[in-house]
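> Here's a sequence, model it:
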Amino acid sequence: MYRERRYRQASHAPDLYAFEVMVQETDLFIQAERDLSSLVRKVVEELRDQLEGYLSFHPEFGTSLLPLAPSPLSPPIAHLMATAASRAGVGPMAAVAGSFAELLGQELFAYSSELIVENGGDIFLRSSRPRVVGVHAGKSPWSDRLGLRVKSQGQPLGICTSAGALGHSFSLGRAEAVVILAPSAALADAVATAAGNRIQRKEDIPETLRWIRSIPGVTGALLIAESELGAWGDFELIDLESEGTLG
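Residues are numbered from 1 along each chain as shown. I've put the predicted structure just below:
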């Protein structure tokens, strides 16, 4: 799903209005029933102010690679990040992109019943109809060939990606792509990072899938390493070249 900014043109749903909003490092591509860019900018600025204020008093929250408990007075975004990261066994910043997408999506849903919020490849989706999300996986032969057809049925769904071989997210692994589905985008983001850290070679895929399935709240996963892939969960795997279903 990550490939600079070109992938956004290909992922535009024809029934939705698409727009981009950038606030410092936060780079959003949003699809909704109407232009909500002014509201998006306002909400993102508030979330960034909350997180930056918290980090100024708790700098370890921004650097730890291990779970940290939020302070009793932490803002909602820090609490969401810490909770999701704790369930995945990683540091809070592993859930930052998904947390922004999730909290922003919750705010926007009152204004648009069909909604796709993408933050650097991490997605919050809420739609009454099936949607297809394409997957970019570096040099793997599966790259740009696969899509995930998902049905959120009007409920929140997070679809988040981690990759050790490409992209700007920090990863200790070598997977071409790890895609995680969960009702919480924050949890999907944290688990994607943790799962990506576990994959050093294609032989690590089966055990990593078993670990993912043990985490409450996760509903699906796609793992790609070299020429191999593993998939589990509540989605259809689509061959984008033929529009058929794979397996």
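
> what residue ranges in this structure are flagged as low confidence?
Filtered on pLDDT under 70, the chain yields the residue ranges 1-11, 137-143, 164-173, 243-247.

> which residue is nearest the middle of it?
The chain has Cys160 as the residue nearest its centroid, 2.2 Å off, counting by CA atoms, centre = their mean.

> Next, the residues that contact the longest helix along the chain from outside, please.
Ranked by number of residues, the top helix in the chain under DSSP state H is helix 37-57. For helix 37-57, the external contacting residues (CB atoms under 8 Å, 6 or more residues apart in numbering) are 19, 21, 23-24, 26, 28, 30, 61-62, 74-78, 96, 100, 103-104, 107-108, 111. For every residue, glycine as well, the C-beta is placed using N, CA and C.

> ok, Glu102 - how many residues close by?
29 (other CB atoms under 10 Å).

> host element of it?
Using DSSP states H and E, Glu102 sits within helix 96-108.

> so how far is that helix from its chain's centroid?
10 Å (CA atoms, centre = their mean, to the nearest Å).

> Name the residues that touch that helix?
Contacts of helix 96-108 (CB under 8 Å, 6+ apart): 26, 28, 30, 32, 36, 39-40, 43-44, 47, 51, 76-77, 80-81, 84, 115, 117-126, 156, 158, 160, 169, 184-190.

> Filter those down to the buried ones.
26, 28, 30, 32, 36, 39-40, 43-44, 47, 51, 77, 80-81, 84, 115, 117-126, 156, 158, 160, 169, 184-190 (16 or more other CB atoms under 10 Å).

> where exactly do the helices run in this protein?
Ranges of helices in the chain, per DSSP H, are 7-10, 37-57, 76-88, 96-108, 185-198, 205-213.

> nearest to Gly147, of those helices?
For Gly147, the closest of the helices of the chain is helix 7-10, at 10.6 Å, according to CB to CB.

> before we move on, back to that, okay, angle between the helix holding Glu102 and helix 37-57 too, please.
140 degrees (axes from the mean of the first three to the mean of the last three CA atoms, to 10 degrees).

> ok, for Arg198, nearest residue in space, not its chain neighbours?
Thr208 (4.7 Å; CB to CB, 6 or more residues apart in numbering).

> surely that neighbour meets Arg201?
No - using CB atoms under 8 Å, Thr208 makes no contact with Arg201, being 10.9 Å away.

> Tell me which residues touch Gln155, please.
By CB under 8 Å, 6+ apart, Gln155 lies in contact with 126, 183.

> how about this structure, which residue sits the furthest from its center?
Phe57 (27.1 Å).

> ok, back up a step: so what sits opposite the residue nearest to the centre of the chain in the bridge?
Beta-bridge partners recorded for Cys160 (DSSP bridges): Ile180.

> show me the contacts for it.
97-98, 121-123, 179-180, 185, 188-189, 191-192.

> change it to 6 Å
Going by CB atoms under 6 Å, 6 or more residues apart in numbering, Cys160 touches 98, 122, 180, 188-189, 192.

> Excluding chain neighbours, what is closest to Leu209?
Gly230 (5.0 Å).

> Number of residues surrounding that neighbour?
Neighbours of Gly230 using other CB under 10 Å come to 20.
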